[in-house]
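**Q** sequence and predicted structure are below.
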Amino acid sequence: MMSTRFDRHVVLIVDDVPDNLAVLSDALDESGHIVLVATDGASALERLQRITPDLILLDAVMPGMDGFETCRRIKLLKHVDHVPVVFMTGLTETEHVVKGFEVGGIDYVTKPIRPQEVVARIGAHIKTARMMAQAKGVIDALEEKMAVQPATLSASGLIPALEQYRLTPRETDVLNWLAKGKTNRDIAEILGMSPRTVNKHLEHIFIKLGVETRSAAAGMALNRQQVSH
């Protein structure tokens, strides 16, 4: 069913190949998205000075500024650094895939493009991004409340109500920072461990809490915190 114009999501496609732009634009438009296009990294950055899309679909290999450098610069723009970036690439070598994640991409699709797959991935990532934004809103509201009337937390910052899940002290620390909106890289730096170790702790936390996503774990911690007060 077509979305109303008030809840349609905005997708910025960045690709220097007109045929790719046409195929993707048609598929996304038919699925109810508002589509904006840019034919190179520089024009994409210029567009992002005026608009904040819900997702960016970015070609990895373009003349001049490639997609990796474009993404790196996008993540330096505070008003759009939260926007999910999905790479499009014919480069399936591990080094290129890893590079895409290192500069801030959250996913990639391979060429030749399969429109239905792209539309499905975009929908999933936009939904996740919206959930994370809502969780951040809850966190910000709680932090504001705590600044006025500090909550009584355990030494780790996690409420005692979650102790029934038998989290280890390190898992408790990780969940505490996750609930404050920190990324794996942030948590790793704060706690003095590698991002891979943080990810392993999160896997254990998800199993113990019976959840599957970061936002669900953060939301569970925040909900318990609210109930305890």
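**A** Yep, that arrived.

**Q** just the helices in this structure please.
**A** Taking DSSP state H as the criterion, the chain carries its helices at 18-30, 41-48, 67-74, 94-102, 115-148, 169-179, 184-191, 195-209, 214-227.

**Q** quickly, which of those bottoms out on average pLDDT?
**A** Among the helices of the chain, helix 214-227 has the lowest mean pLDDT, at a mean of 71.

**Q** and A60, which of the helices of the chain is closest to it?
**A** helix 67-74 (4.0 Å; CB to CB). (Each C-beta comes from the backbone N, C-alpha and C, glycine too.)

**Q** in that closest one, which residues are buried?
**A** Buried residues in helix 67-74, counted by 16 or more other CB atoms under 10 Å: G67, F68, T70, C71, R72, R73, I74.

**Q** distance to F87 for the helices of the chain - can I get that in CSV?
**A** CSV is the format used below for those (distance: least, CB to CB, whole Å):
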stretch, distance to F87
helix 18-30, 13
helix 41-48, 13
helix 67-74, 6
helix 94-102, 4
helix 115-148, 11
helix 169-179, 25
helix 184-191, 19
helix 195-209, 20
helix 214-227, 21
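
**Q** state the distance from F87 to D173.
**A** Remark: distance between F87 and D173 (CB to CB, to the nearest Å) = 32 Å.

**Q** the two: which is more packed in?
**A** Ranked by neighbour count (other CB atoms under 10 Å), F87 and D173 place F87 first, with 26 against 19.

**Q** what's the closest non-adjacent residue to the more buried one?
**A** Nearest non-adjacent residue to F87, counting by CB to CB, 6 or more residues apart in numbering: Y108, 4.0 Å away.

**Q** what's around that neighbour, how many residues?
**A** By other CB under 10 Å, 20 other residues sit near Y108.

**Q** spit out the contact partners of it.
**A** Residues near Y108 by CB atoms under 8 Å, 6 or more residues apart in numbering: A60, V86, F87, M88, T89, V97, G100.

**Q** with D107 instead?
**A** P84, V86, F87, R121, H125.

**Q** now with 10 Å, please.
**A** By CB atoms under 10 Å, 6 or more residues apart in numbering, the residues touching D107 are L55, L57, P84, V85, V86, F87, G100, F101, R121, I122, A124, H125.

**Q** show me what counts as buried in stretch 15-29.
**A** D15, D16, N20, L21, V23, L24, S25, A27, L28.
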